[in-house]
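Asker: Dropping a prediction and its sequence here:
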Amino acid sequence: MITAFPETRPSIRLDGRVAIVTGGTRGIGAEITRTLLAAGCEVAVCGRTEPPPGALPAAEGRSAAFWPCDVRRADAVTGFVDAVGRRFGRIDVLVNNAGGSPPADAATVSPRFHESIVALNLIAPIHMSQAVAGWMFRNDDPGAIVNIASVSATRPSPGTAVYGAAKAGLLGLTRSLAAEWGPRIRVNAIVVGLVDTGSDRAPYGSDAARDAIAASLPARRMGHPRDVAAGVLYLASPMAAYVSGSVMEIHGGGERPVFLDLVERHAGA
């Protein structure tokens, strides 16, 4: 089984660019932040709680700049984005990475829970995209927005039904904004598959379950946050100048269809 991720980083440079990464202090977002820093970007991240001293993502001797912000609140988003724009003089890249959902029974969970999941995974990217658009329209070069979606948007998502629906809405938003804001802003999305973030929360239940899932994927390994970060770097760069309204799938070849297991199990029966 292939378990290692290559340590080399892409050589794309984005010197002089300014990027915002929501949820950029941990997990996939932190790796996206480090990758953009290493490419020469100034990077602003936000969250409801400031990380401990020295815990902000860093690369090439530079750290991300942090602002407290609840991305579900339009007024907080506007204040955050304008503060970033005033500090750096421009905004070139937005990565709408903040999101997620704990498992919940769709039949019994509270309406407030559903509303909060939609707010974080769909409404917040709308607020952020609208807030950065004004800054991007001022630039000589086109801006780039990258929305981080999920395989939950493209297949049934039992246990996280509303999360899947919100991420599916994010894909629709991506295509519509690309059509409405082009050519001044390119808008793309990444459908992220099963990623091992190294979290102690063991999102896949156990090490054994994680290894079994990894073995079932065509890539024979779980995704790594750097896989996603490399996709973001490409979509944010001039190499993707003619790429807009697209959905990049980073999932190691996709999940094995369940019906194949059933066919094999009952073959010859």
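Answerer: It's in.

Asker: Pull the contacting residues for the closest residue to V151 other than its chain neighbours.
Answerer: Excluding the flanking residues, the one nearest V151 by C-beta to C-beta, 6 or more residues apart in numbering is G193, at 5.1 Å. C-beta: built from backbone N, CA, C; applies to glycine. Contact analysis of G193 by C-beta atoms under 8 Å, 6 or more residues apart in numbering lists V151, L217, G223, E249, I250, H251, G252, G254, E255.

Asker: Go through these and name the one nearest R26.
Answerer: Among these, G223 lies closest to R26 (C-beta to C-beta), at 16.2 Å.

Asker: List phi and psi for that closest one.
Answerer: Torsion angles at G223 (phi, psi; degrees, to the nearest 10) stand at phi -70, psi 160.

Asker: does it really touch V191, like I thought?
Answerer: No - using C-beta atoms under 8 Å, G223 is not in contact with V191; the gap is 11.2 Å.

Asker: Now for the two: what residues contact both?
Answerer: Shared contacts of G223 and V191, counting by C-beta under 8 Å, 6+ apart, come down to I250, H251.

Asker: In this structure, what residue spans correspond to strands?
Answerer: 18-22, 42-47, 58-59, 62-63, 65-68, 93-96, 143-150, 185-192, 247-250 (DSSP state E).

Asker: My read is that E249 contacts L171, right?
Answerer: No - using C-beta under 8 Å, E249 is not in contact with L171, being 11.0 Å away.

Asker: just to revisit the earlier point, which among the contacts of G193 count as buried?
Answerer: Neighbour counting over these (16 or more other C-beta atoms under 10 Å) leaves V151, L217, G223, E249, I250, H251, G252, G254 as the buried ones.

Asker: Grab the nearest non-local neighbour of the fourth one.
Answerer: Across the structure, with C-beta to C-beta, 6+ apart as the measure, the residue nearest E249 apart from its sequence neighbours is V191 (4.6 Å).

Asker: The one you found: what's it in contact with?
Answerer: By C-beta under 8 Å, 6+ apart, the neighbours of V191 are A149, S150, V151, A153, T154, L171, V247, M248, E249, I250, H251.

Asker: okay, the first one: pLDDT?
Answerer: Same thing as A149. With respect to pLDDT, A149 scores 98.
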